[in-house]
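*Asks:* fold the stuff below for me.
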Amino acid sequence: MALPQRKVVAITSLGGLLEAYDFTVYAHMAAYISLVFFPASDTTSSLINTFVTFAFGYISRPLGAIAFSHWGDRYSRKASFTVTILLMAVSTLLIGLLPGYAQWGLLAPVLLAVFRFFQGFSFAGELSGAFTYLYEIVPARTQGFAVSILGAATLAGTLLGVSLHGVLIHLLTMEQMVDWGWRVPFLLGGSLGAVSYIVRRRFVEPEAFRVLVARGEVEKLPLRTLLTQYRSQIFTGLLLVMPVLIAVTVLVLFIPGYLTRLLDYSAREVALANGLSMFAGVPVCLLMGWLSDRLDRRYLMLGSSFLIFVTAWPLFHWYASGNANLLVTALTGAILWGSIDGISLLLLVSAFPTGIRFTGMACVYNVAATVFAGFGPVISMGLIRVTQLQAAPALYLMIGGLAGCLGALLISSEQRRNHAPALGA
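*Replies:* Now for the predicted structure:
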């Protein structure tokens, strides 16, 4: 029997929460992973190596996007993002069990990169499939809020990782964290994947997709159609997701290692502030989704992107001073990335017609994630080295904000309103 619509939204969002937790917990543990797998006398070099491996999870995402989105647009929305959570769970569990450099030498960081690669491969299909599925399964009048629930759930997954990190560093010493404490979040996340998989077997295909199948209008090669007929939507989509990918990567995932390893802020204070930022960002995301069902979405996107642009430099200049009030900066960050997360992905998934929606969402989002999020920490560290300014990551945020403003100006009139494009349009 099919599940009620509200339960479908809740379960889909729960799966997004678990996937986001599994995928992003690596960043929260970066400081310890750098010591276990990349020992070096130069702290900056060790941390860069760790973030390069972090990027492997993004390098694989375009491949996962192509594979799972073809499956989703050609055969089944439901099936393509049901198996992804198991693949993510296994990869995460193996990272938690992997011996370090001291035990396995160079093989340890190589296997770490391999497991990280498969994390990204599965995450590409899970997240894009979930956004596509929810957008098509709920009524047009509530699409924005439904999509924002999933977006908030992914943020909550990262919050779960931040919170667990905070608990661990409160209970354990630094030596214990490096020895075994960093493994706990991976082992926990890897053990939870089966729950969502079991429940998702009761999902049904969205009506919009079932109609395409019944008419025999399913795209045989959705990627080819996307690349040949929807190039302007691809370009606009890339601009729309740049600010959210850069903001979340820099303000949530990069910040813990940046503040503790480079600026000598207290690890406990940083973990508390980062957890507060994640917690506060969830209602901001939901509010933006609710507003998107009532107001012009272009102006919401413009406002959120411009806010990132004008706030980035003062925020990071305060960080670099060494005297930042981390609770204030945490709330500021929550407003920045929470607001943009609540609107940008909705605009992206609404940019493509039913026949290639999964492919359009998956390919644009994951290619952008590979470039702008996967290498975000490396780019941020590179900016610091080139400019010799500890506040230099702000420049990356400002570029993302400008891109979002331009993307908002280029969206179609249909995307500005709270209704779905015509079936099969």
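
*Asks:* going forward, measure contacts and count neighbours with C-alpha atoms only.
*Replies:* Will do.

*Asks:* in the stretch 51-200 of the chain, where is pLDDT below threshold?
*Replies:* Along the stretch 51-200 of the chain, segments meeting pLDDT under 70 span 51, 54, 194.

*Asks:* quick one, helices of the stretch 1-150 of the chain?
*Replies:* According to DSSP state H, counting those that start in this stretch, the stretch 1-150 of the chain carries its helices in the segments 5-28, 30-37, 43-59, 61-74, 77-80, 84-97, 101-104, 107-137, 143-171.

*Asks:* what do you get for the stretch 301-425 of the chain?
*Replies:* For the stretch 301-425 of the chain, helices defined by DSSP H, counting those that start in this stretch occupy the ranges 326-341, 344-349, 357-368, 376-387, 393-410, 413-416.

*Asks:* let's have the helices of the stretch 1-150 of the chain in TSV, adding distance to Ala247 and mean neighbour count.
*Replies:* TSV is the format used below for the helices of the stretch 1-150 of the chain (distance: least, C-alpha to C-alpha, whole Å; neighbours: other C-alpha atoms under 10 Å):
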stretch	distance to Ala247	mean neighbour count
helix 5-28	14	23
helix 30-37	18	23
helix 43-59	16	22
helix 61-74	19	25
helix 77-80	28	21
helix 84-97	24	22
helix 101-104	32	13
helix 107-137	18	24
helix 143-171	12	24
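
*Asks:* nearest to Val184, of those helices?
*Replies:* Closest of the helices of the stretch 1-150 of the chain to Val184 is helix 84-97, at 7.1 Å (criterion: C-alpha to C-alpha).

*Asks:* for the closest one, packing partners?
*Replies:* On a contact count with 3 or more C-alpha pairs under 8 Å, 6 or more residues apart in numbering; DSSP states H and E, helix 84-97 meets helix 5-28, helix 107-137, helix 183-190, helix 193-200.

*Asks:* make it 6 Å
*Replies:* Applying 3 or more C-alpha pairs under 6 Å, 6 or more residues apart in numbering; DSSP states H and E, one finds that helix 84-97 contacts helix 107-137, helix 183-190, helix 193-200.

*Asks:* closest to Met288 out of those helices?
*Replies:* Using C-alpha to C-alpha, the helices and strands packed on helix 84-97 put helix 107-137 closest to Met288, at 15.9 Å.

*Asks:* so which of the helices and strands packed on helix 84-97 gets nearest Pro377?
*Replies:* Nearest of the helices and strands packed on helix 84-97 to Pro377, taken as C-alpha to C-alpha: helix 107-137 at 15.6 Å.

*Asks:* tell me what angle the closest one forms with helix 357-368.
*Replies:* 140 degrees (axes from the mean of the first three to the mean of the last three C-alpha atoms, to 10 degrees).

*Asks:* next one: helix 107-137 to chain centre, how far?
*Replies:* 10 Å (C-alpha atoms, centre = their mean, to the nearest Å).

*Asks:* could you do stretch 290-309 as well?
*Replies:* Centroid separation between stretch 290-309 and its chain, computed with C-alpha atoms, centre = their mean, is 19 Å.
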